[in-house]
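K.L.:
The sequence isn't on hand, but the structure is:
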Ligand code: GLY
Ligand code: MN
């Protein structure tokens, strides 16, 4: 991604910080498998969003009133370790390639951070498990300031979670981010075409998982954005079924929920098809209800709309369908009011999508639903799940589930379905199975 994008975001963050605040964002250390195998590192999303820097353990500091408004603390060069885990940029690259005004080895954090930001009133920093050194420095600054502030009139007295500042900005995507999400969506759509062609009676769920993830990597994605879900028959009732260890049967449905991470950004698609290539009338009815809910929710993904309204529209269509199928009895309004529908639809309809698959950003602020704005990207993913022990509705549907999920960009001209390259209408989707 163009380095200028990161500089623009830092400039916006700096404007919000002002002269009396500093922002500290720390990346997690590496995780290991067994004694000394490294788990592939997942860079810190906010640190990346502000700098493009992806190495473990880095700490980013923005402090507009400091001599160096943008500082990176990074792992120092270490030729011995680099033999095993690859080159490190060190402090030099932090300045030359990422534009830091100054960069220091992470080992100097406790000494240098108080000198960099010890004069501000407010620290935007997170106290979190797994980063004891950063936590200790931040707490030490607060304690030191409590003692010195009465006489100096300066020093941190307020600690604010960085998400308060960063998440509302990350919630609206810029052009570079939209290009990355578009790439992840394209790769996911194409890989679903591969995977759907692999669905057949007696195939293992793992074969469809392999087709999806092979498709992601073959097309240049970093890999799956979250554990791939391939849930046949009763497994679909488990919303995040990820063991993918069952052979699917001809008369069942199979629910596939997967997304690629490409250029750091995520996509997230779900489709449900009949394993044998044809829906029974009952399965088709269930799918049609979920598709109607999906379409109704997408229509509401417009500027000024809300995620809550999209959800309410989906719930109404689903509840109506549950009554028609004989799974629920009663008036639609009462069934919605009482939450009865949740027996078959226990999750929400949408989540933000971006650097994280369930991306950051509140849905409610100051007691009000956040109005949708152009540049926001969210999933639309209604579903219905009929547990095996359900004692109403068609017997044939017990132990099955349908979810249909697309990724939608809110624009001034209405919803832009980024994943529309993969049909939702069974008449166009099922032919991909052959
Ligand atoms: N695709 C998994 C989820 O959204 O929870
Ligand atoms: Mn999702």
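P.N.:
Perfect, I can see it now. All of these numbers come straight from a predicted model, not from anything done at the bench. Ligands and ions are numbered 1, 2, ... in the order given.

K.L.:
Just checking: what are the partner strands of the helix or strand of the chain with the lowest mean pLDDT?
P.N.:
When each helix and strand of the chain is scored by mean pLDDT, DSSP states H and E, strand 37-38 comes last, with a mean of 90. Partner strands and pairing direction for strand 37-38 (DSSP bridges) are strand 32-33 (antiparallel).

K.L.:
pLDDT of the partner strand, averaged?
P.N.:
Averaged across strand 32-33, the pLDDT comes to 94.

K.L.:
The helix or strand just after the least confident helix or strand of the chain: which residues count as buried?
P.N.:
Using DSSP states H and E, the helix or strand that follows strand 37-38 in sequence is helix 45-51. Residues 45-51 are the ones in helix 45-51 that count as buried (16 or more other C-beta atoms under 10 Å). Using the backbone N, CA and C atoms, a C-beta is placed for each residue, glycine as well.

K.L.:
how far away is the residue sitting nearest the centre point of the chain from residue 405?
P.N.:
Closest residue to the average C-alpha location of the chain: residue 357 at 1.6 Å, with C-alpha atoms, centre = their mean. According to C-beta to C-beta, to the nearest Å, residue 357 and residue 405 sit 11 Å apart.

K.L.:
just to revisit the earlier point, ok, so of the buried residues of helix 45-51, who is nearest residue 12?
P.N.:
Using C-beta to C-beta, residue 50 is the member of the buried residues of helix 45-51 that lies nearest residue 12, at 9.8 Å.

K.L.:
How far does stretch 319-338 stretch from one end to the other?
P.N.:
End-to-end distance for stretch 319-338, by C-alpha to C-alpha, to the nearest Å: 12 Å.

K.L.:
any idea of the mean pLDDT for it?
P.N.:
Stretch 319-338 carries an average pLDDT of 98.

K.L.:
Can you pull the residues of the stretch 301-434 of the chain lying near ligand 1?
P.N.:
Applying C-beta under 6 Å from any ligand atom, we find that the stretch 301-434 of the chain lies next to ligand 1 at residue 351.

K.L.:
Do a quick rundown of the strands in the stretch 301-434 of the chain.
P.N.:
Ranges of strands within the stretch 301-434 of the chain are 364-365, 368-369, 377-380, 383-386, 400-403, 406-411, 414-417, based on DSSP state E, counting those that start in this stretch.

K.L.:
So which of those strands is nearest ligand 2?
P.N.:
Minimum separation from ligand 2 across the strands of the stretch 301-434 of the chain (C-beta to the ion) falls at strand 377-380, 4.3 Å.

K.L.:
and residue 194, how many neighbours?
P.N.:
Using other C-beta atoms under 10 Å, residue 194 has 18 neighbouring residues.

K.L.:
For it, give me phi and psi.
P.N.:
Backbone geometry at residue 194, expressed as degrees, to the nearest 10, gives phi -60, psi -50.

K.L.:
returning to that earlier point: can I get the buried residues of helix 45-51 in TSV including distance to residue 283 and pLDDT?
P.N.:
Putting the buried residues of helix 45-51 into TSV (distance: C-beta to C-beta, whole Å; pLDDT from 0 to 100) gives the following:
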residue	distance to residue 283	pLDDT
45	38	98
46	43	98
47	46	98
48	42	98
49	42	98
50	47	98
51	49	98
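
K.L.:
before we move on, back to that, which residues are in contact with both of residue 357 and residue 405?
P.N.:
Common contacts of residue 357 and residue 405, defined by C-beta atoms under 8 Å, 6 or more residues apart in numbering, comprise residue 268.

K.L.:
Tabulate the strands of the stretch 301-434 of the chain (a markdown table), appending mean neighbour count, mean pLDDT and distance to ligand 2.
P.N.:
Listed next are the strands of the stretch 301-434 of the chain as a markdown table, based on neighbours: other C-beta atoms under 10 Å; pLDDT from 0 to 100; distance: least, C-beta to the ion, whole Å:
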| stretch | mean neighbour count | mean pLDDT | distance to ligand 2 |
| --- | --- | --- | --- |
| strand 364-365 | 11 | 98 | 19 |
| strand 368-369 | 12 | 98 | 19 |
| strand 377-380 | 26 | 98 | 4 |
| strand 383-386 | 24 | 98 | 10 |
| strand 400-403 | 26 | 98 | 9 |
| strand 406-411 | 22 | 99 | 9 |
| strand 414-417 | 16 | 98 | 14 |
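
K.L.:
so which of these gets nearest residue 173?
P.N.:
strand 377-380 (5.6 Å).

K.L.:
what's the burial count for the residue of the stretch 101-250 of the chain at minimum distance from ligand 1?
P.N.:
Of all residues in the stretch 101-250 of the chain, residue 226 sits closest to ligand 1, at 5.6 Å by C-beta to the nearest ligand atom. Residue 226 sits with 16 neighbouring residues when counted by other C-beta under 10 Å.

K.L.:
And residue 225, by the same measure?
P.N.:
24.

K.L.:
Which pLDDT does the model give it?
P.N.:
Per the predicted model, pLDDT is 98 at residue 225.

K.L.:
tell me the contacts of the residue nearest to the residue of the stretch 101-250 of the chain closest to ligand 1 when sequence neighbours are not counted?
P.N.:
Once flanking residues are discounted, residue 226 sits nearest to residue 357: 4.8 Å by C-beta to C-beta, 6 or more residues apart in numbering. Residue 357 makes contacts with 225-226, 259, 266, 268, 351, as judged by C-beta under 8 Å, 6+ apart.

K.L.:
Report back the residue of the protein that's furthest from centre.
P.N.:
Residue of the chain lying farthest from the centroid, by C-alpha atoms, centre = their mean: residue 151 (46.0 Å).

K.L.:
What separation is there between the spatially closest residue to residue 21 that is not a sequence neighbour and residue 18?
P.N.:
Leaving aside its chain neighbours, residue 21 sits nearest to residue 122 (4.2 Å; criterion: C-beta to C-beta, 6+ apart). Between residue 122 and residue 18 the computed distance is 9 Å (C-beta to C-beta).

K.L.:
do residue 175 as well
P.N.:
Relative to residue 18, residue 175 is positioned 27 Å away (C-beta to C-beta).

K.L.:
residue ranges of the helices in the chain, please?
P.N.:
Ranges of helices in the chain, per DSSP state H, are 3-17, 45-51, 79-85, 90-96, 109-117, 132-152, 163-171, 175-196, 205-218, 281-299, 307-324, 332-338, 426-429.

K.L.:
between those helices, which one is nearest to residue 29?
P.N.:
Smallest distance to residue 29 across the helices of the chain (C-beta to C-beta): 9.6 Å, for helix 132-152.
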